[in-house]
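K.L.:
give me a model of this one.
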Amino acid sequence: MSSAQTITVGAAQFASAIGDVDANIDIHLEWIERGRSADLDLLVCPELSLTGHYGPARLLEAAMDRGDPRLARLAAAAGPMALTVGFIEEGPAAQFYNAAAMFRDGELIHLHRKVNLPNYGRLEEGKHYATGRFVETCGLRGPWHAGLLICADVWNPALTHLAFLQGATLLICPVSSGVEAVGADFDNPGGWALTCRFYAMMYGAPVIMVNRTGEECDLHFWGGSRIIDPFGKELAVADMNDGLITATL
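P.N.:
Modelled structure (predicted):
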């Protein structure tokens, strides 16, 4: 573990099985073990890491409420290491959300529901998910307070600004970004690299962006997870394969 003023973080990029939560739980347990072996304070997994990008194809099977024992199993395995995972949350009134949960010491400490649901290119999230309403932060250790935004949330500058107004000193961005998702004329990898560096420099805060790998239906995921320091310097950048990148902030 790190000192009181520093934090050692990791981004685990990997592919998920579509709608097969149990199989994806096993995948997560392997990455949690690797994260704890690396003595991480925080491990971040991709957007919808427990369901796959096209998890809504099996919505009723894949959705979980925040108290699901399978989530509790991951929380227990992570122990003192903070862990962020992506899943489809079954909320009140038959509403389903693209959500990210953060756990530490076996407890849920933060949950974010995606606010900016993309409906363009090959993306149609508004068809499946209810819209999140809040942007909040979560205390980690020492001076570190995480702002947690999911993928397209980060492409709405107002949401990112709101996270920092709420006191974020670290921006966490789990994404599920395919090369073809927006359109043939848009450079998704280049756009993400530029956007993450911009926010790090603009707010003077580190950024952790973690994408997934592999293929699902008509999308090819490019990985490229990265950890960026407050000056916009890339401390660690992944290739397109499964892997874990780490850095001390």
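
K.L.:
enumerate every residue touching the residue nearest the centre of the chain.
P.N.:
Closest to where the C-alpha atoms of the chain average out (C-alpha atoms, centre = their mean) is Pro174, at 2.1 Å. Residues near Pro174 by C-beta atoms under 8 Å, 6 or more residues apart in numbering: 44-47, 49, 84, 86, 100, 148, 150-151, 210. Bear in mind the C-beta positions are built from the backbone N, C-alpha and C, glycine included.

K.L.:
top of those residues by number of neighbours, please.
P.N.:
Highest neighbour count within those: Pro46, with 33 neighbours (other C-beta atoms under 10 Å).

K.L.:
pLDDT at it, what is it?
P.N.:
pLDDT, Pro46: 99.

K.L.:
and the closest residue to it other than its chain neighbours, how far from Leu219?
P.N.:
Distance criterion C-beta to C-beta, 6 or more residues apart in numbering; nearest residue to Pro46, sequence neighbours excluded, is Arg212 at 4.0 Å. As judged by C-beta to C-beta, to the nearest Å, Arg212 and Leu219 stand 10 Å apart.

K.L.:
can you map out the strands along this structure?
P.N.:
8-13, 42-44, 82-90, 96-104, 107-113, 137-139, 145-148, 170-174, 207-210, 215-216, 219-220, 226-228, 234-237, 243-248 (DSSP state E).

K.L.:
would you mind saying which of the ones you listed lies nearest Ala62?
P.N.:
Judged by C-beta to C-beta, the one of these that comes nearest to Ala62 is strand 82-90, at 5.4 Å.

K.L.:
and the angle for that closest one with strand 107-113?
P.N.:
Per axes from the mean of the first three to the mean of the last three C-alpha atoms, to 10 degrees, the angle that strand 82-90 makes with strand 107-113 is 50 degrees.

K.L.:
can you convert the contacts of Pro174 into a markdown table and add a column each for distance to Leu60?
P.N.:
Formatted as a markdown table, the contacts of Pro174 follow (distance: C-beta to C-beta, whole Å):
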| residue | distance to Leu60 |
| --- | --- |
| Val44 | 27 |
| Cys45 | 23 |
| Pro46 | 22 |
| Glu47 | 20 |
| Ser49 | 19 |
| Thr84 | 25 |
| Gly86 | 18 |
| Ala100 | 21 |
| Leu148 | 26 |
| Ile150 | 22 |
| Cys151 | 23 |
| Val210 | 27 |
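
K.L.:
what about Val9, distance to Cys173?
P.N.:
12 Å.

K.L.:
tell me, what's touching those two both at once?
P.N.:
Taking C-beta under 8 Å, 6+ apart as the criterion, Val9 and Cys173 both touch Ile208.

K.L.:
low-confidence ranges, the chain, go.
P.N.:
Judged against pLDDT under 70, the low-scoring parts of the chain cover residues 1-3.

K.L.:
and the helices in the protein?
P.N.:
With DSSP state H as the criterion, the chain has helices at 21-37, 59-62, 69-78, 157-165, 188-203.

K.L.:
Gly91: which of these is closest?
P.N.:
Each of those was scored for nearness to Gly91 using C-beta to C-beta, and the closest is helix 59-62 (12.9 Å).

K.L.:
and the contacts of the closest one?
P.N.:
Helix 59-62 has contacts (C-beta under 8 Å, 6+ apart) with 19, 21, 50-51, 55-56, 88, 96, 128.

K.L.:
of those residues, which pair is most distant in space?
P.N.:
Checking the contacts of helix 59-62 against each other with C-beta to C-beta, the farthest-apart pair comes out as Val21 and His128, at 16.2 Å.
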